[in-house]
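K.L.:
could you work out the structure for the sequence below:
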Amino acid sequence: MGRPKAWLPFGGERMLARVVRRLGAAAEPIVVVAAVGQDLPPVDGAALIVRDAAPDRGPLQGLATGLASLPETVGLVFATATDVPLIRPAWVRRLVELIGDDDLAMPLVDGFHQPLAALYRRASVLPVVMDLLKADLLRPVGLVERLRSRIVSADELRTVDPDLDTLRNVNTPEQHREALERAGLPRKGLETPSDVTIEFYGVPRLRASVARVKVSAPTIGEALKAAAIAVPSLAGEVIIGDRLAPSCRLNWNGERFLSDPDVPLMDGDTLIVLSADVGG
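P.N.:
Model prediction:
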């Protein structure tokens, strides 16, 4: 995709927020597993954000982190990816109907298991996941071989999701546009600039000699480069390439500080550039 999927615009919200919201109609509590230091957009306040301290261990490690963060009172856990904006809550309910006394209910579609669209029994699955990780066996399908598994066919799921949109990952800008179209939303591509405001405080404002500028850019990094062109006194001192100088910080919409220049922007976003000592 070339930029963080969790931040992808999807209608009037971010991709991650959309997936969390849609899942909230079928399941609670919701846990979001992210990498240490990964910038995330705001999500429903009831969702728990946990950090996966073991990098580059794949979805099985993420599943372990998520399962371990849930209370023992949680019986069944649905796992999904971030980039499935067309996910259907009815998919989760259908797997609950099908799992019976088994430890997991995993779809098998076109010959491929779907561990990130599957339902897991927390108490029995977590120990097996941990054993696989300790043995450096990182393929989630290994769970099918070690647990009582209900393999779910595509036909059993088409009753609630005829086109299997729940499995429709967004991996390219074109797939992003296609998903927007399927959702009945405007097909605004990731390369399309957004109209944003950049405000300056502290030393950046002294350098800029203006309080704010308006630019059109698809990402934070491109917005900073546009600001440096609009206000040349910022270049090299406050803005270096597509990033801020180490003495400055950037806040997104007054909600959180970000550092990733590839975060996509939406119309109406406000970027606040301020001195690091002012930002805390």
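K.L.:
which residue is the nearest non-sequential neighbour of the residue sitting furthest away from the middle of the chain?
P.N.:
Of all residues in the chain, Ser209 has its C-alpha farthest from the mean position, at 36.8 Å, by C-alpha atoms, centre = their mean. Residue nearest to Ser209 in three dimensions, not counting chain neighbours: Ser233, with 6.9 Å by C-beta to C-beta, 6 or more residues apart in numbering. Quick note: C-beta positions are derived from backbone N, CA and C, even for glycine.
K.L.:
roughly how far apart are that neighbour and Glu13?
P.N.:
Applying C-beta to C-beta, to the nearest Å, the value for Ser233 to Glu13 is 36 Å.
K.L.:
neighbour count winner among the two?
P.N.:
Glu13 (18 against 14; other C-beta atoms under 10 Å).
K.L.:
secondary structure class for the residue lying closest to the more buried one once chain neighbours are set aside?
P.N.:
Spatial nearest neighbour of Glu13, excluding adjacent residues (C-beta to C-beta, 6+ apart): Arg21 at 7.4 Å. Put simply, Arg21 is helix when judged by DSSP: H, G, I helix; E, B strand; the rest coil.
K.L.:
give me the pLDDT for Arg21.
P.N.:
pLDDT, Arg21: 96.
K.L.:
ok, Ala135 next?
P.N.:
For Ala135, pLDDT reads 96.
K.L.:
and it, how many neighbours does it have?
P.N.:
Neighbour number of Ala135 under other C-beta under 10 Å is 9.
K.L.:
now it: how far from Asn171?
P.N.:
30 Å.
K.L.:
same check on Glu191?
P.N.:
For Glu191, the distance to Asn171 - C-beta to C-beta - is 16 Å.
K.L.:
how about Lys214?
P.N.:
In terms of C-beta to C-beta, Lys214 sits 32 Å off from Asn171.
K.L.:
now Trp91
P.N.:
Counting by C-beta to C-beta, the gap from Trp91 to Asn171 is 20 Å.
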